[in-house]
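Q: Provided below are the primary sequence and the corresponding predicted coordinates.
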Amino acid sequence: MEKARLKNNKHWLSSLAFFSILSVFAITVIHSHITKPVALTPPQPYQEEGNMIVIPLTDVEDGHLHRFSYTATGGNNVRFIVVKKPKGGSYGIGLDACDICGLAGYYERNDEVVCKRCDVVMNKSTIGFKGGCNPVPFEYEIKDKKIYIDKATLEKKKKIVFQWVINMFWRMVKGTLFRQRSKMLMIAFTVALGVSLATAMMNVMLGVGDKVKTRN
């Protein structure tokens, strides 16, 4: 009888250990998934005609997000995006940045344009207009089935981009400190769970041992 109870306790301890390890693994995977940064797609090439950036409409007419990058004087990269709007055949064009989230950029998720920093889904119909988390608009011209962007227009935006770079640097510093704190809390939780599990197992084993000794 006592051997059967001891066997059951060992089985219970094995199950407890298995599910505890499984829980720690699940927490780690979920944490990694939540904190995993979204990688932006690389910029596409474009044509140049003198001081104009030229993008054929055939390169951007599929309704998806298309990213481009212009290297301004001084080496600053000015990213911008082009998205064909779902109605009317017009195009949403603006910097790959907004006044609220800075240079975080945008990416596609389930055919939607999403801000990388705040996870807000953009209304494609409003891309190219000021306000909210919309891409910062700038002047351009569409003619002969091509988009023409004056390089001087993007040169004017490089000062804004530089200020965003400074702001983004400080946000990264703050974010790093926050992530380190989160990791420490996760480690502390895992250690505490392990200690609790070990303590519970020891108590059960000692209790069973005492009962066996008493009966003997």
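A: Thanks, I have it.
Q: make it CA atoms for all contacts and neighbour counts henceforth
A: Fine.
Q: State the distance from Lys116 to Lys151.
A: 26 Å (Cα to Cα, to the nearest Å).
Q: any idea which strand is longest in the chain?
A: In the chain, assigned by DSSP state E, the strand with the most residues is strand 77-84.
Q: could you say what helices and strands that strand packs with?
A: Where contact means 3 or more Cα pairs under 8 Å, 6 or more residues apart in numbering; DSSP states H and E, strand 77-84 is packed against strand 66-71, strand 91-95, helix 151-215.
Q: Arg67 and Gly92 touch, don't they?
A: No - look at Arg67 against Gly92 with Cα atoms under 8 Å: they stay out of range, at 12.0 Å.
Q: overlap in contacts of those two?
A: Shared contacts of Arg67 and Gly92 (Cα atoms under 8 Å, 6 or more residues apart in numbering): Val82.
Q: Specify which residue of these two has the higher count of neighbours.
A: Set side by side, Arg67 and Gly92 show more neighbours around Arg67, with 22 against 18, by other Cα atoms under 10 Å.
Q: confidence score at the more buried one?
A: At Arg67, the model reports a pLDDT of 97.
Q: same check, this time on Ser15
A: Ser15 is given a pLDDT of 59.
Q: And for Ile147?
A: 97.
Q: can you check Gly102 too?
A: For Gly102, pLDDT reads 81.
Q: Settle it for me: which of Lys116 and Lys151 has more neighbours?
A: Lys116 (20 against 16).
Q: quick one on the thing from earlier: what sits up against the longest strand of the chain?
A: 43, 60-72, 90-97, 124, 127, 154, 157-158, 161.
Q: ok, now stretch 43-55?
A: His66, Arg67, Phe68, Ser69, Arg79, Lys146, Ile147, Tyr148, Ile149, Asp150, Lys151, Ala152.
Q: of those, closest to Asn110?
A: Nearest to Asn110, judged by Cα to Cα, of the contacts of stretch 43-55 is His66 at 15.0 Å.
Q: Can you tell me the number of residues neighbouring that closest one?
A: 23.
Q: In PyMOL, how would I select just the buried ones from the contacts of stretch 43-55?
A: Applied in PyMOL, the following selects the buried portion of the contacts of stretch 43-55 according to 16 or more other Cα atoms under 10 Å:
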select buried, resi 66+67+68+69+79+146+147+148+149+150+151
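Q: Can you lay out the contacts of stretch 43-55 as JSON lines showing distance to Asn51?
A: As requested, the contacts of stretch 43-55 are exported to JSON lines (distance: Cα to Cα, whole Å):
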{"residue": "His66", "distance to Asn51": "21"}
{"residue": "Arg67", "distance to Asn51": "20"}
{"residue": "Phe68", "distance to Asn51": "16"}
{"residue": "Ser69", "distance to Asn51": "15"}
{"residue": "Arg79", "distance to Asn51": "17"}
{"residue": "Lys146", "distance to Asn51": "15"}
{"residue": "Ile147", "distance to Asn51": "13"}
{"residue": "Tyr148", "distance to Asn51": "10"}
{"residue": "Ile149", "distance to Asn51": "9"}
{"residue": "Asp150", "distance to Asn51": "6"}
{"residue": "Lys151", "distance to Asn51": "6"}
{"residue": "Ala152", "distance to Asn51": "8"}
